[in-house]
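**Q** sequence and predicted structure below; questions after.
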Amino acid sequence: MPIAYFLVLSSLLFCIGVYGVLARQNAVLILLSIELMLNAVNINLLAFSAHLAEAGVPGQIFALFVIAVAAAEVGVGLAIVILIFRNRQNVDVDEMSLMKW
């Protein structure tokens, strides 16, 4: 398969993720959109790694690092969302002003 198919799929996923981050008000859906963007990056890394097979496997290694960072982001992000929900009874991003002075 040509690399263009993977790049188009990756760009579509990334655009959907950006739209989800910019348009959503729920913090859980924003975290889900960030995960979608990270998966689009993984598709790009693996596509270029397969396309440049003589260069070794650095794309696959970077993809594993992105997966590890995504797992840590989910753990920390959901913990923060749960704590905010316990204090405020909603996770609406527009109403969060805890960090303001």
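**A** Cool, got the structure.
**Q** can you show me the helices along the chain?
**A** Using DSSP state H, the helices found in the chain span residues 3-23, 27-51, 58-88.
**Q** deepest-packed of these, please.
**A** helix 27-51 (a mean of 18; mean count of other CB atoms under 10 Å). Glycine gets a C-beta too; all of them are placed from N, C-alpha and C.
**Q** and residue 21, what's its pLDDT?
**A** At residue 21, the model reports a pLDDT of 91.
**Q** and of the helices of the chain, who's closest to residue 95?
**A** helix 58-88 (7.4 Å; CB to CB).
**Q** pLDDT on the closest one, on average?
**A** Along helix 58-88, the predicted confidence averages to a pLDDT of 86.
**Q** same for it, what does it pack against?
**A** With contacts defined as 3 or more CB pairs under 8 Å, 6 or more residues apart in numbering; DSSP states H and E, the packing partners of helix 58-88 are helix 27-51.
**Q** quick one: residues in contact with the helix it packs on.
**A** For helix 27-51, the surrounding residues in contact (CB atoms under 8 Å, 6 or more residues apart in numbering) are 3, 6-7, 9-11, 13-14, 16-21, 24, 55, 57-60, 62-63, 66-67, 69-70, 73-74, 77-78, 81, 84, 91-93, 96.
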